[in-house]
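# Sequence first, predicted coordinates after that:
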Amino acid sequence: MVRHFGWTWVGAIRRDDDYGNSGMAAFVEAAEQLGICLEYSIPFFRTYSQEKVLRIIEQIKSSTSRVIVGFLDNWDLEILLHVFFEHNVTGYRWVGTEAWIFDSELATMDKYNILQGAIGLAIPKTTVTGLKDFILDIHPLKSAGSAIFTEFWEALFKCSHTLQNDSEDVSPCTGEEKLSDVENTFTDMTLMPIFSNVYKGVYAVAHTLHKLLGCTQTCPAKKQPDPFTVS
């Protein structure tokens, strides 16, 4: 995409973890082959100190490239948007990854138009048969005794299973609340392409382990796989 638009002098900011670092490494390798020069590649993580974040701002503002490739996710950009606005980091063309380029909540949050005109490639639309019905069918009786579920339900419906004397503003959870009546990221099926990739990944691992453990012919290693070394 960068080559398509003729951008040969670009900067980049990446999430400082396996996703960002490996993604940026692949981009750098491809860029070198296509004659694209990278002016800078800056790591960022949401736990970075203010001093580190300010150094990122200084490096971007002192650069001459006007295109920024962002190997980040939406949570990273939620933090950076405010910092960019405070320090007038505007007027750049952003090239985004699938982790944030189609995130509607991030677009709504970008009140200062920092990311206006951003382009990127999203994961193709698809569906996982039965997933939506499964998610919307979750209710208290099926998850009784789960502390995590109780906390999730209370946060989702702004209610409480165990009302205290000082919780007059919180209504009790009845167990009759319906997920189909709620619109948030949990019930947002526009993320289905991501769910589909996770779905296919889990099944790929499951089928591989099934064949490995059920091998009845000449097998390279007939033993229990080590979960820390399976790749």
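Sure thing, it's come through.
# Off-centre distance for stretch 91-110?
Chain-centre distance of stretch 91-110: 12 Å, with Cα atoms, centre = their mean, to the nearest Å.
# Could you list every helix and strand that the helix or strand where residue 12 lies packs against?
Element membership for residue 12 (DSSP states H and E) is strand 9-15. Other helices and strands packing on strand 9-15, by 3 or more Cβ pairs under 8 Å, 6 or more residues apart in numbering; DSSP states H and E, are helix 18-34, strand 37-44, helix 50-61, strand 67-71. Every residue, glycine included, has its C-beta placed from N, CA and C.
# quick one: it to strand 37-44, angle?
20 degrees (axes from the mean of the first three to the mean of the last three Cα atoms, to 10 degrees).
# In strand 9-15, which residues are buried?
For strand 9-15, burial by neighbour count (16 or more other Cβ atoms under 10 Å) applies to 10-15.
# now the angle from that strand to helix 50-61?
Using the same axes, to 10 degrees: strand 9-15 against helix 50-61 is 160 degrees.
# Mind listing the strands strand 9-15 pairs with, and their directions?
strand 37-44 (parallel), strand 67-71 (parallel) (DSSP bridges).
# The longest one vs helix 18-34, what angle?
Direction vectors for strand 37-44 and helix 18-34, defined by the same axes, to 10 degrees, enclose an angle of 180 degrees.
# what comes into contact with the strand holding residue 12?
Strand 9-15 is contacted from outside by 2, 20-21, 23-24, 27, 31, 36-45, 56, 60, 63-65, 67-73, 76, 80, 95, using Cβ atoms under 8 Å, 6 or more residues apart in numbering.
# can you rerun that using 7 Å?
2, 20-21, 23-24, 36-45, 60, 63, 65, 67-73, 76 (Cβ atoms under 7 Å, 6 or more residues apart in numbering).
# helices or strands next to the lengthiest helix in the chain in the packing?
Identified as the longest helix of the chain according to DSSP state H is helix 192-213. Packing partners of helix 192-213 (3 or more Cβ pairs under 7 Å, 6 or more residues apart in numbering; DSSP states H and E): none among the helices and strands.
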